[in-house]
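Colleague: sequence first, then the predicted structure, then my questions.
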Amino acid sequence: MRKAKLVKLIESNEIKSWQLLMSTFQCVYRQLEKGLADKEVSVSRFQVLFCLYFDGRTSSSELSRKLLVTRSNMSMFLKRMEADGLINFIIPKGQKRPVIELTAKGNRFFEGIFPAHAARVTAMVHSFSPETIRDLEKVIRCVSKEM
């Protein structure tokens, strides 16, 4: 009886959607990870570079919130990127807390790897309908509120 209830659960559209989202994510992530590894960059490092390149200066807490990682993990990660010369911590005039910005080296590095990454994404991920994009955004908003 118990198994029958669980089988019924996995047949629901919500659980099927979850399974599909997770499988899609894992498949795409692995492929992108392989492509970025050729450039000796992790997906996590790429995501930080992406955010800083397109969004500009930001705090480490804001960056960890955007990337859905803990601030302590982000702090260690950013220190390594600083040691590699890709980012700087600066304290803007009139502020007390540092913000992070890409260095010239970080900008050049990102500009060198992004076109190939974008091409891989384009080849793998077909364009979603506006409705699907809205649905995915709803999922993100819903889950983000719980974090």
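Modeller: Nice, thanks for sending it over.
Colleague: ok, Thr58 touching Pro98?
Modeller: No - assessed by C-beta atoms under 8 Å, Thr58 is found out of contact with Pro98, at 10.6 Å. For glycine as for every other residue, the C-beta is placed from the backbone atoms N, C-alpha and C.
Colleague: next, show the common contact partners of the two.
Modeller: For the pair Thr58 and Pro98, no residue contacts each of them under the criterion C-beta atoms under 8 Å, 6 or more residues apart in numbering.
Colleague: what's in contact with the helix or strand of the chain with the lowest mean pLDDT?
Modeller: Taking mean pLDDT, DSSP states H and E as the measure, helix 130-146 is the helix or strand of the chain with the lowest mean score, a mean of 82. For helix 130-146, the surrounding residues in contact (C-beta under 8 Å, 6+ apart) are 21, 68, 128.
Colleague: and it, which residues are buried?
Modeller: Of the residues in helix 130-146, none are scored as buried under the neighbour-count criterion (16 or more other C-beta atoms under 10 Å).
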